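*Asks:* please work out how this folds:
(2 chains)
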Amino acid sequence: MTFISIEFLLFFAIIVCVYYVIPHRFRWILLLAASYLFYASLSIQFIPLLLASTVFTYFTGIIIEKQETKKQKKKVMLAGISVLLFFLGWFKYFNFVNDSLRAIANYLGLNYTVPYQELVLPLAISFYTFQAVSYLVDIYYGKQKAERHYGYFSIFFAFFPQLVAGPIERAKKLLPQFKVEQRVNYENVTYGMKRIAWGFFKKTLIADRLAPIVSSVFDSPNPTGSQIVLATILFSIQLFADFSACSDIAIGCARMLGIKLTENFKQPHFAVSIADFWSRWHITLSTWLRDYIFVPLCKGKKKRSEIYLAIVITFLVSGIWHGAAWTFVLWGLIHGFYRVFGDYTKNSREKMVSFIQLDRSPMLHRWVKISITFLLVCFSRVFFRSDSVTHAFENAQLFLTIHSWRPSGIMKAFEIFSLLDLVIFVFFFMVVQLFQYIERKHGSTWEWLSERRVFARLAFYIFIIVSVLVFGVSGKGFVYGGF
Amino acid sequence: MGRLFIKLTMIMTMVLLLFMPVNSFVKHSHDYNIDHAILAFKKDPYPVDIINIGASHSMYGYYFKPTGLSHLDLALPAQTIQYDYKLLKEYGKYLKPGGVVIVSISQITFASSETKHIGNYYKILDRNEIEPFRLMDYYSYLYLPGTNSGSLMSALAGKLKNFKWNSHQPWANNGKNYSERKYEKVEAQYREAVENNNIEQNVKQLKEIVDYCSEKGYQVILTMEPVHQSYQEYFNDEVMDRLVFQYLEALKLDVPFLDYMSDQRFTANKDYFIDPDHLNKKGRKVFSWIVYKDLKKLGYL
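*Replies:* Model prediction:
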């Protein structure tokens, strides 16, 4: 049962109805049962791991709180985090480290005997582990009290709308919401429905339509440079549509239950710098990395070089979090480099902008910055999307070749689409762009829509549903569901 | 909440009203009804002299009516060999004693494993034969095909046959563009089949079909339909050996194999083809006569 299925919609409709019918004191049982049922439908074999991680984090939190000295608390916290990271490391990184060590040993002519292990990555482990780590660290710093109600704590750990691909929530925000009695609220229910419908729209009409087109290029043994350029740009659109759709559905579902989740995206492809990009893309991961990796690494550091090192390490962690492959490591390093380079050259770039008088036209300046940022992000995604480091470098080379950017070549590359598919994709892509444009102008498209006449609103909702129903393509789950 | 209920009812009513013509359009499309001949046969069966199984090459390859043979075409586009077997088991009983089964071998026979058009079989096979069978898909395909994007796109593409890039037209660049794209597709499919160890299963399945035919007393023959020369440039001897013949030879089947792939009577004649690898009406008439005569020579008819 994935998000994009009739089964999920029926399942969720039943949960919502029962949720508001039963007394508040029983609702945690319903949410917990629904969460485990949902997880079991996707990955039943890892339910014990989810349960074990929950129990472990629950008791570790209480033990941290019970320690008298800061030093003792720190010891328990570090032990707890180590165990959680051990689970994550074992399932996600064992073979990556093992293969890397084997390659090094082969290169050095050494005998390396640790065999390859058939390990399946437990679903959502990266997401719930990060949530658990933040919980323990917050207890250590006194920002969060250890939750004593095991039921509420378990829902925080496995809340089904955000379990599979985030947003990565903090206990401080989520736990109190479970405890408050939520009443049926017209605004919450309708807003939730709209967000879910919009998520379906982006996922089935943009992301899953693009997925096979992008794959046809990246899986091809000899793509042309222009095809790589186009496929990388399309992949960026696909990834955003895919992941933001997942967040939309999660936020929408939670809102229908009266729970407000953190927004995960703010039109990242309109960012004016890499720093700005990371404040708009996967916001809950970015803030997590800032609070639990970057800030502790910068503690007591004043030198610029030390801060830069902390930035690079933070992005390295981000890369490794995404996947156990060197391509993700390189992707993280590229973003670390972007951030450091951006900061280091900030003054000289400003001087250059002033020298060429670009700052006299703020609009043009803004769009130049948006375009450069988008292309830098796209370049990094060549590494994100490629199957191996060798392919990544080959594709990156093609991406950077001037010849690949010839308009005639790019036009020709559009033939990776069938003409019919291209027309359909362009139409729905324009709809999404229009939606985003209204959002940039008015803050919220949904609020803007609510000020329109009832027929205009209904026409838009009908358009979304009919489009999904008729033109929607359902693929193989969410890209970030695999992390 | 009453307000919400009224709005939702209005929205759903409008959605239904708008959806109905789309659904009807798909339901009446050629691709959605591609199995209509088999379905008609299922409703009103009769004894047949010859049955052909296989994918689209076979489906567009045979028309035995002028020869006087009663014929059942069980081939469907992108049909896997597993479904060849299922259909043969279901409809083989209508073959006259000593009747002939043409097992068409194509470039994808051993590489194909995923049934892309599973809906094609919902009406012509027993539900238990369909794998994977999902109740929701089953009912939505039968009654709400407009919700199936694949069916809708096929229906649209059928109506807008010429709405293609010039370079995507079947005979652009004398068929070479089409053949190249097809080659890349087949290669990708083959790579995937090798990675997933599907080839061995498909080879085994072919053996099962031949064994099943001999067990039932059917006369079986393997064939490969003719293609245009542009197609042959990509699917040359070396490629065909890798994709098909190495596995076929290893099987050492004791049945004749009529390979018309590079038959000179067809390869240079565009008039016989819809596109570089599918025969048209004229082509299949000529080809079926040739097959008929060759079968006679072999003593099959």
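*Asks:* all strands for the stretch 251-400 of chain A, in order.
*Replies:* Applying DSSP state E, counting those that start in this stretch to the stretch 251-400 of chain A gives no strands.
*Asks:* and the residue of it nearest chain B?
*Replies:* Using CB to the nearest CB, the single residue of the stretch 251-400 of chain A nearest to chain B is A:M256, 11.5 Å away. (C-beta placed from N, C-alpha, C; glycine too.)
*Asks:* skipping adjacent residues, who's closest to that residue in space?
*Replies:* A:G192 (3.3 Å; CB to CB, 6 or more residues apart in numbering or on different chains).
*Asks:* quick check: the one you found vs A:Y36, distance?
*Replies:* Here A:G192 is placed at a distance of 22 Å from A:Y36 (CB to CB, to the nearest Å).
*Asks:* thought A:V389 was touching A:T327?
*Replies:* Yes. The pair A:V389 / A:T327 is scored as a contact, 6.0 Å apart, by CB atoms under 8 Å.
*Asks:* more neighbours, these two?
*Replies:* Neighbours were counted for A:V389 and for A:T327 using other CB atoms under 10 Å in any protein chain shown; A:T327 has more, 22 against 14.
*Asks:* need the contact list for the more buried one.
*Replies:* A:F383, A:F384, A:S386, A:D387, A:S388, A:V389, A:A392 (CB atoms under 8 Å, 6 or more residues apart in numbering or on different chains).
*Asks:* now, those that are in helices?
*Replies:* A:F383, A:F384, A:V389, A:A392 (DSSP state H).
*Asks:* out of these, which is nearest to A:F471?
*Replies:* A:F384 (27.4 Å; CB to CB).
*Asks:* how far away is the residue of the stretch 201-350 of chain A found nearest chain B from A:I213?
*Replies:* Residue nearest to chain B within the stretch 201-350 of chain A (CB to the nearest CB): A:D219, separated by 6.5 Å. Shown here: A:D219 relative to A:I213, a distance of 11 Å by CB to CB.
*Asks:* which other residues reach stretch B:229-238?
*Replies:* Against stretch B:229-238 from outside (CB under 8 Å, 6+ apart): B:107, B:174-176, B:178-180, B:182-183, B:186, B:227, B:243, B:261-262, B:267-268, B:276-277.
*Asks:* what distance separates the start and the end of that stretch?
*Replies:* By CA to CA, to the nearest Å, the extent of stretch B:229-238 from end to end equals 15 Å.
*Asks:* one step back: list only buried entries from the contacts of A:T327.
*Replies:* A:F383, A:F384, A:S386, A:A392 (16 or more other CB atoms under 10 Å in any protein chain shown).
*Asks:* let's have these in CSV, adding pLDDT and distance to A:Y140.
*Replies:* Output for those, formatted as CSV (pLDDT from 0 to 100; distance: CB to CB, whole Å):
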residue, pLDDT, distance to A:Y140
A:F383, 93, 35
A:F384, 91, 33
A:S386, 90, 39
A:A392, 93, 38
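*Asks:* of all those, which two lie farthest apart?
*Replies:* Once CB to CB is applied, the buried ones among the contacts of A:T327 give A:F384 and A:A392 as the farthest pair, at 8.7 Å.
*Asks:* so what's B:F266 up against?
*Replies:* B:F266 neighbours (CB under 8 Å, 6+ apart): B:P226, B:V227, B:H228, B:Y260, B:Y272, B:F273, B:L279, B:G283, B:V286, B:F287.
*Asks:* in contact with the third one, which residues?
*Replies:* For B:H228, the contacting residues are B:G175, B:S179, B:F266, B:T267, B:A268, B:K270, B:F273, B:P276, B:D277, taking CB under 8 Å, 6+ apart as the criterion.
*Asks:* A:R339: how many residues sit nearby?
*Replies:* 20.
*Asks:* tell me who's in contact with it.
*Replies:* Per CB under 8 Å, 6+ apart, neighbours of A:R339: A:I274, A:A275, A:W278, A:I311, A:F315.
*Asks:* restricted to helices, list those.
*Replies:* Counting by DSSP H, those contribute A:I274, A:A275, A:W278, A:I311, A:F315 to helices.
*Asks:* which of the residues you listed lies closest to A:R170?
*Replies:* Of these, the one sitting nearest to A:R170 (CB to CB) turns out to be A:W278, at 18.1 Å.
*Asks:* surely B:Q205 meets B:I81?
*Replies:* Yes. Between B:Q205 and B:I81 there is a contact under CB under 8 Å: 4.6 Å.
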